[in-house]
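> Next input, structure requested:
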Amino acid sequence: MHLVHHQRIEVSLPPPVTALPNTAEVILSRARRAHSRLSWAERFARNARPETSGQVTFKLFGFPADFAASLGFATA
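Just a heads-up that it's a prediction; the model follows:
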């Protein structure tokens with residue numbers, strides 16, 4: 001049997017593309033930054049899960065079936 005003791009992975013990335021070359025020159029005031037922030041209500045509305053979404057299901061591994069059943073979880 002041949003075991004691999006080391007591996008070498010080469011990753012090459014293209015050079016980053018700068019969309020705005022003068023971003024370092026733009027300095028926003030505190031009031032200007034605050035104006036662009038979302039309020040908590042806007043954040044919650046943006047991050048809310050749509051009501052039309054289906055039910056969320058989690059699969060937990062490693063729990064004994066009796067323990068899961070005692071907590072009211074379905075066992076497969």
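> pLDDT weak spots in the chain?
The chain contains residues with pLDDT under 70 at 1-7, 17-25, 76.
> now with 90?
1-40, 43, 45-76 (pLDDT under 90).
> Quick check, central residue of it?
What sits nearest the mean C-alpha location of the chain, by CA atoms, centre = their mean, is residue 47, with 12.1 Å.
> Relative to residue 67, how far out is that residue?
Residue 47 is 33 Å from residue 67, where distance means CB to CB, to the nearest Å. Where you see a C-beta, it was placed from the backbone N, CA and C, and this is true even at glycine.
> Next: residue 9.
From residue 9 to residue 67 the distance is 41 Å (CB to CB).
> more neighbours, those two?
Between residue 9 and residue 67, counted using other CB atoms under 10 Å, residue 67 has the larger neighbour count: 10 against 4.
> Name the SS class of that one, please.
Here residue 67 is recorded as helix under DSSP: H, G, I helix; E, B strand; the rest coil.
> And for residue 61?
coil.
> Look at it and say how many residues are nearby.
4.
> how close does it get to residue 69?
On the measure of CB to CB, residue 61 and residue 69 end up 16 Å apart.
> what helix or strand does residue 50 sit in?
Taking DSSP states H and E as the definition, one finds residue 50 inside no helix or strand.
> quick one: it from residue 67, how far?
For residue 50 relative to residue 67 (CB to CB), the value is 34 Å.
> now do residue 35
For residue 35 relative to residue 67 (CB to CB), the value is 52 Å.
> cool, and residue 56?
22 Å.
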